[in-house]
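Enquirer: Test case, fold it:
(chains A, B and C)
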Amino acid sequence: MASLFGFVGASPTIHIALADADTRKRVPVTVGGKASELYLFMAQDDVRGTVTVEPPKGKSRLEHMGIKIELIGRIEVANDRAGRSEFTSLLRELEPAGELSGVRQLPFEFANVEKQFESYDGINVRLRYVLKVTIARQYNSNVSAELELRVHVLSYEPEINSSIKMEVGIEDCLHIEFEYNRAKYHLRDVILGRIHFLLVRIKIKHMELAIIKREQCGSGGGAYNESETVTKFEVMDGAPVRSESIPIRLFLSGFDQLTPTMRNVNNKFSVKYFLNLVLIDEEDRRYFKQQEITLWRKLCV
Amino acid sequence: MSAGRTSRMAAPFGAIADEQDQWKHDAMQMVKQQAYLMKRALDAANLRDALKHCSTMLSELRTSLLSPKNYYELYVATTDELRYLEAHFAEEQAGSRRSMLELYELVQHAGNILPRLYLLVTVGGVYIKSRQAPARDILKDLVEMCRGVQHPLRGLFLRNYLMQTCRDKLPDLGSPYVGVGGTVDDAVDFVLANFSEMNKLWVRIQHQGPVRERDKREKERQELRTLVGSALVRLGSLEGVDLPLYREKLLPRVLEQVVACKDVMAQLYLIECIVRGFPHEWHRETLETLLITTTQLQPGVDVKAILVQLMAGLAAHAVEVASKQPAAADAAAAAAAAAADNAGAPAATEPAPIRAASVGVGVLDDVGAFHLLSRFCAQVAVSQNAGLELAEALGLQLALLDFALRAYGARRDLADQVFAATATLLSRAPRELDALSTRVLTRVLVEPLGTYGDDAHALLALPSWVGVLHAVDFDARRAVARDVARAALRGNAPMVDGAQVGRLLDALEPLLRGAPAARAPLASYGGAAGGAASGATTTAADADDDDDDDDDDVQEEVALACRLVLALGRGARAQPAGAAAGAPAPPPVAVPPSTPAETLGLLRTMRARLLVGGPHRLRRTMVPVVHRALELARVSPAALEFAHETLVSVFPTASSARAAEAGYGLWLCALLAADGARPAPAAPSAQPAPSEPAAPEASLPFELASGALLLLEEEISHSQAQAAAIVLFIATLHACRNFPRSSYEALALKAVGYSARLLKKTDQCPAGARPAAAPAADTRVRATTAATTATAATSGDGCDGGGVRDAKRVRDCLARARKAADACSAANGQHVPLLLELLDQALFFLKCGADAADEPGAAGERAAELSPALVAELANHAATQLAAVRPTADAAAVGAMQVHLDASLAHARERRAALAAHAGDGRAALALYDELLAAVGMPVS
Amino acid sequence: MVLVLVIGDMHIPYRSAELPPSFMKLLVPNKIQHILCTGNLCSKEMHDYLRSLAADLHIVKGDSDDNARLPESKVVPIGAFRIGVTHGHQVVPWGDEDALAIVRRQMDVDILVSGHTHAFKAHVDGGKLFINPGSATGAPGPLAPTSVPSFVLMDLQGTTATTYVYELVDGEVGVKKVDFVKQS
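Expert: Next comes the predicted model:
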């Protein structure tokens, strides 16, 4: 990725190449309608590579005040000018001030760096990791280049993962018992469940299961929520009778938008997921019950 | 598009036809279009798009607008397209580029449940075939996931699709999916589960939509029932299902479902499906379970229909088993024993030893099934009495009887038990049975005949039968009698045993007697059942009309009665063993026919029964009685007496012209028979009254002849009939061979006298046509009388020298006849045919004379009395008369007369030629002819 | 070829219960063109049965028939033949050749069919054919208490009448043939 910064002013060229670029997995990301592919890192992965610096075209030498590379983790909140905050920033000096002659390859390494949060592109919030190379110059403005990284935070199987089971109803009208096999699902998991109809006195037309994502930003008075329906999944057609029981099976792998549940990330935001069971009657009245579920990213073997 | 659809979902169920067509058309278009896109995507190996189009196509099935019939069509069109997808997957799978599990998961991402499940089922089928996972697991998953569709119509069709897709992929015995893929139990579980769900959905249809359209919905539901039934049928067709599995698992679960659904239509239909869908043999083994279930059904369920069907099935099974059991009774017995062991239920199957003897006819040895059914039939009749009409209860008895007959043919006691039970049922019924009950009872009464090989005696030997017979009204008894009579005749029932025949005739009483109310003065006949003569005359008046146009029933009854008379005394030939499969024929022993004396006894009994039958029956039924008696008369003089007695009692007079003619004929037949039966030397002492050899006038033949003449005089009034009757009398007399001369003379004279008197009577008749007819008849009669006397005289049999007088009478008769013929001359040539006829008779006498001419003794002289000259004169007279009428009479008629005359003369010439060729010239007989031919102008050159 | 069934004196059901089944098997519809019946069928059932065999049915009155509508005798022209039918109880003496010859002359026929005697007979007299088909049921006759069941099939071709008589003797149906050519 070449930065074309200072095109006219005959800027030096900076190129950041990851050492394992050939083998490292890349993930597609769409931000603001633009699709791109980013290198994927797990939280513990070392980040190493080489920065290639080339003097501006037509020149064989480059004078500089020092070349450095930073690994920055930051959270961007929309509608909040001051919302850009860095939660991590690591610096490596690549070259002390001096003069470079010709093309110069500068290796770098961030080893054993904990990337504690997962990358996230939300409605109002983004959490990004960036590698930033800066060439400080005495007379000209600094020249820099960035390479965005994608970070996934993997978790181990939760130790406690009980099922969700609950009886709900409207008196003398509808009485159901639902059951989801777990409270916590990894992102490629499948939700298995079952709805028992204990009492049905309304004419149900159909029933669906929705996954709702709720993004929460800020705190106190400035906090705001943003909800999004990830999917609506019809699980029943027609009206059941008493004692009928309807199976639910929903494969999460189909939904790319899903992320792990995030709670109070750096005191800035949270992302939560809910299962919403909705019954629609013949007059299009909706009866629903939401249950929070926790999503997590499973350590792939 | 489909979104727009769903917004119209609330449209009324009963849409008008045009709208239906439009909706269906739109949906079909959509299916076609999406199917096309799907196929194109598949060809381009674009699975994602293919699935998308397929989903869109399947979304058309989400509609609630279509009537079941239209929905069905849409379903067929859509699932046809799915077959393409399935084939594609199967093909692709063979190249194994993709794991089936992935595909199975992939199709589950569809957001709408109905398309999702159709896809899942389609892929599931391929998955099973790939054998990448046990069939059992996939089947279980599919049947479970389909629960998501609770809409009755859509769910029913979805599950039908499931059934159709998986029907050949079950881990059934002999299929590739058994073993690792699962067991027969799994297959059964799958089908059962799917069936149960289908049934629930189907039952639920009735609750859909507005109440006012309930009837229409129920009708539609009826049409959909086969979807449910086919699931049950599939169970029945599983190879791996055997009796133990059926008994222990399958049946209880199906029945549980049947009882639980609490729906009248479903319960009746499903039980019927069970009865039809599984082997009858199993029903026999699980009879009690099945029967107990019937008591747990909804009140409106027609349990009777179920029982009837069940019993019919069991009976058919029994017959089938019997037909498969050849002579190897041992093998059958062993198999039956093995089956009993297998069943492991010694309580149900009585430990009675299997009787090999009954195998082949009896079929079932274990009567447990019968008793069980019998008990249930009784129970149903009583317990549901509010709902079960008498006719229905009787229908049940009919079915039970049918079962008993076909399954336990040899056990007649069981059939009798049914009759006893029926009688009990009737004892609680109102006195007057309704028409339907009567009809059913009529069938019950004759039902065993078929099984008993038309052995009417076997039927009547059932002790409880008569009790049931007397419960029905006269018309029904009459119908039964008809059937019994037909069977007795068809089955060639032996008719030798007095008690048997008596019982038979008791049962046939309505047939022999006819309707009681029809004619009032029956008492005289009814009382005279013993065969007495008294009082018969009183009925003569009321039947003078043509009583003959009785309805066909009476005609048939009379015919049956007549045939029974003919059958009396008949024995039975030995039945070849095993000739009639399944139909227990009469015992394979020959029954010898009865002796004449016994037969006469039977005939006497029969006559007594017939005598109550009223005049219009009697005149026909007595005919065979008399004939049978006359037949017996050859060996038994008592029979002749019996015949005489019958004639005296029945035909001293007649109720109608036809009766008179019939009776007259009988008298004459009796006369012939009496003449033929030469009085046995020992007989007179036994029969003191009739045959007194000293007084010929008192002899039986003479009495019979007199009886005939009396009847003729009294009852035959039509002139033509009279003429015919006299001719017949003369002919009969002529046929007699053993008459004493004196009796013969007397009777001949009597005949002539009668004819004169009778014909004179008709002369006085004022009707215009009669005067012409009377002389014609007179001519003929006189000519015939003459002929009779002459031939009797010339035949030489039993005559003793009275020849001259006879010849003289011939001449007299001819002369008088000619006079009578001439008297008709006024009527435009009508006398000529008479004269020609007379000429023929004269020629006949001449021939008789010629035959006797060369015999020695008085006979020759006798013949000569009828001289050729006389004959020639007659011929010439006829020719003259013919010539006289020629100018005025009809040309064709004249032609015919001329031909006749020529033929007659030609005949004379031929006779002469024959005589000459036979015996040579110079005989006296030839001289007679020569003289005649010369006299008529045709001399022999 | 024209097939003419000559049959009579069944006396059903008065003297005989039914037509022998072996005869019924022979007599099937659509084979026979004409039926000449000498009478004494006695039952409507028999009448219907004959009618089912051929539409052209001619019946005369026997002494035991009570159907007054039946004629005493009838002349039926078939092909080159004039055939006369009469029952024969009026012919005295019964079955006598000369007496029958008289009847034939009166009717002016080539073939005279008569019954009553319950005994099959076919003879030629004076160049004319006389046929008595006997009793189809073997019913007791006026002159004999038993008789052999028989009927006659005539095959008329041109001036040739071939007569086949079917007789049931000891349970077996036997056939005899009599040829007759009409003299011109």
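Enquirer: per the record, what domains does chain A have?
Expert: As assigned by automatic domain parsing, chain A contains the domains A:3-152, A:164-296.
Enquirer: The closest residue to chain C within the stretch 51-200 of chain A pairs with what?
Expert: Closest residue of the stretch 51-200 of chain A to chain C, CB to the nearest CB: A:Val200 (70.9 Å). From N, CA and C alone the C-beta is placed, and that goes for glycine too. Bridge pairing for A:Val200 (DSSP bridges) gives the partners A:Leu174.
Enquirer: Per-residue pLDDT of it, please?
Expert: With respect to pLDDT, A:Val200 has a value of 92.
Enquirer: mind checking how far it is from A:Asp281?
Expert: A:Val200 sits 10 Å away from A:Asp281, going by CB to CB, to the nearest Å.
Enquirer: And these two? Which one has more around it.
Expert: Comparing A:Val200 with A:Asp281 by other CB atoms under 10 Å in any protein chain shown, the one with more neighbours is A:Val200, at 19 against 16.
Enquirer: Which residues lie in contact with the more buried one in this structure?
Expert: A:Leu174, A:His175, A:Ala239, A:Pro240, A:Val241, A:Arg242, A:Glu244 (CB atoms under 8 Å, 6 or more residues apart in numbering or on different chains).
Enquirer: same deal with B:Phe278?
Expert: B:Phe278 touches B:Gly236, B:Tyr246, counting by CB under 8 Å, 6+ apart.
Enquirer: Ok, B:Ala906 next?
Expert: C:Gly126.
Enquirer: secondary structure class for it?
Expert: helix (DSSP: H, G, I helix; E, B strand; the rest coil).
Enquirer: Need the per-residue pLDDT for it.
Expert: 89.
Enquirer: again, but for B:Thr784
Expert: Note for B:Thr784: predicted pLDDT of 62.
Enquirer: same question, the one 5 residues further on
Expert: Here, the pLDDT recorded for B:Thr789 equals 53.
Enquirer: Chain B contacts on chain A?
Expert: A:205-206, A:231-241, A:244-247, A:249, A:251, A:253-254, A:282 (CB under 8 Å from any CB of the partner chain).
Enquirer: Whichever residue of chain C sits closest to chain B - nearest residue in space that isn't next to it in sequence?
Expert: Proximity of chain C to chain B (CB to the nearest CB) peaks at C:Pro13, 3.8 Å away. Nearest non-adjacent residue to C:Pro13, counting by CB to CB, 6 or more residues apart in numbering or on different chains: B:Cys562, 3.8 Å away.
Enquirer: Assign a three-state SS to B:Ser374, would you?
Expert: Classified using three-state DSSP, B:Ser374 is helix.
Enquirer: List the contacts of it.
Expert: B:Leu400, B:Gln417, B:Val418, B:Ala421.
Enquirer: what does A:Val265 give?
Expert: Contacts of A:Val265 were listed using CB under 8 Å, 6+ apart, and they are A:Ile75, A:Phe117, A:Tyr120, A:Leu127.
Enquirer: Looking at those, which is nearest B:Pro652?
Expert: Set against B:Pro652, the nearest of the contacts of A:Val265 by CB to CB is A:Tyr120 (129.6 Å).
Enquirer: That closest one - nearest residue in space that isn't next to it in sequence?
Expert: A:Leu127 (4.1 Å).
Enquirer: and A:Glu157, that's in a helix?
Expert: No. Counting by three-state DSSP, A:Glu157 falls outside a helix, being coil.
Enquirer: count of residues packed around residue 21?
Expert: Assuming you mean chain A. Using other CB under 10 Å, A:Ala21 has 12 neighbouring residues.
Enquirer: Chain C is the one I meant
Expert: By the criterion of other CB under 10 Å, C:Pro21 has 9 neighbours.
Enquirer: Same check on the one 10 residues further on?
Expert: Residue neighbour count, defined by other CB under 10 Å, stands at 12 for C:Lys31.
Enquirer: Can you tell me the element the closest residue to it other than its chain neighbours falls in?
Expert: Nearest residue to C:Lys31, sequence neighbours excluded (CB to CB, 6+ apart): C:Leu3, at 6.4 Å. Assessed by DSSP states H and E, C:Leu3 sits inside strand C:2-7.
Enquirer: And A:Ala17, by the same measure?
Expert: Applying DSSP H and E as the criterion places A:Ala17 in strand A:13-18.
Enquirer: Same check on A:Val235?
Expert: Counting by DSSP H and E, A:Val235 is part of strand A:224-237.
Enquirer: Report the angle between the next helix or strand after that strand and strand A:224-237.
Expert: Next along the chain after strand A:224-237, taking DSSP H and E as the criterion, comes strand A:245-251. Put simply, strand A:245-251 runs at 130 degrees to strand A:224-237, going by axes from the mean of the first three to the mean of the last three CA atoms, to 10 degrees.
Enquirer: Neighbouring strands - and their directions - for strand A:245-251?
Expert: The pairing partners recorded for strand A:245-251 under DSSP bridges are strand A:190-200 (antiparallel).
Enquirer: what comes up buried for the strand it pairs with?
Expert: By neighbour count on 16 or more other CB atoms under 10 Å in any protein chain shown, the buried set for strand A:190-200 is A:Val190, A:Ile191, A:Gly193, A:Arg194, A:Ile195, A:His196, A:Phe197, A:Val200.
Enquirer: How about stretch C:118-129?
Expert: So for stretch C:118-129, counting by 16+ other CB under 10 Å, buried means C:His118, C:Ala119, C:Phe120, C:Lys121, C:Ala122, C:Asp125, C:Gly126, C:Lys128, C:Leu129.
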